[in-house]
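>>> I need the structure of the sequence given here:
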Amino acid sequence: MSTKQMSADFTPDILLEAVKELSLPELENFADQVMLIRAQRKTPHLSRSESELLRKINRGLPEPMWQRYKRLVTLRDAELLTEEEHQELIRLSDKIEVLNAERIGYLLELAQLRHQSLSDLMNDLGIHPLDHG
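Below you'll find the model as predicted:
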C-alpha cells in the first residue's frame, strides 16, 4: 500500500484551520466528503452503487432545521409551544422519521451488497442512528 506524503503546506492543523472558515453548507458538504473518504479507506474497493449508498446514508437534516427542531422541543418540554409551533414540530418530527427510515433502507441495501448484517455494517462504518435531540 502506498501512501502520499502530505505537503508541509497542508498539515492536519492547517487543514482544520481552513475548515473553520467554511460556511455551514460548505462544511456539511466537506464533512460528507470526508466521511465518504473514511468509508472508502475502510473498504478500499467501493463500487459505484456502494459509494452512492454511502453518500445517501451520510446525508442528514440541514443544520438550520435541526436547530429549529431542538428549539421547538425545548419549548414543548417547557409547555410553551403555540398551536402553530406544535404543528411545525410535528412536521419536522415526521421529516426526521422519514429520513431515518430512508437511511435504514440504504444501510440495509449496503449490508446486502456486502453480505453483512445491518449491525455489523453499522459497526464497521461507525454509523449510528440520527439523534433526535
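>>> Can you list the low-confidence ranges for the protein?
Applying pLDDT under 70 to the chain flags residues 1-8, 43-44, 128-133.
>>> Going along the chain, name the helices of it.
12-19, 24-42, 48-58, 63-77, 83-113, 118-125 (DSSP state H).
>>> would a markdown table of those with mean neighbour count be doable?
For every residue, glycine as well, the C-beta is placed using N, CA and C. Formatted as a markdown table, the helices of the chain follow (neighbours: other CB atoms under 10 Å):
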| stretch | mean neighbour count |
| --- | --- |
| helix 12-19 | 10 |
| helix 24-42 | 13 |
| helix 48-58 | 16 |
| helix 63-77 | 14 |
| helix 83-113 | 14 |
| helix 118-125 | 15 |
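>>> Please identify the nearest residue in space to the residue nearest the centre of the chain, excluding sequence neighbours.
Centroid-nearest residue in the chain, with CA atoms, centre = their mean: Asn58, separated by 3.6 Å. Once flanking residues are discounted, Asn58 sits nearest to Met35: 4.7 Å by CB to CB, 6 or more residues apart in numbering.
>>> and the gap between the one you found and Ala101?
20 Å (CB to CB, to the nearest Å).
>>> Excluding sequence neighbours, find me the nearest residue to Lys95.
Leu61 (7.0 Å).
>>> Determine the number of other residues adjacent to the one you found.
Around Leu61 there are 16 other residues, counting by other CB atoms under 10 Å.
>>> need the contact list for it.
Leu61 makes contacts with 69, 95-96, 99, 130, as judged by CB atoms under 8 Å, 6 or more residues apart in numbering.
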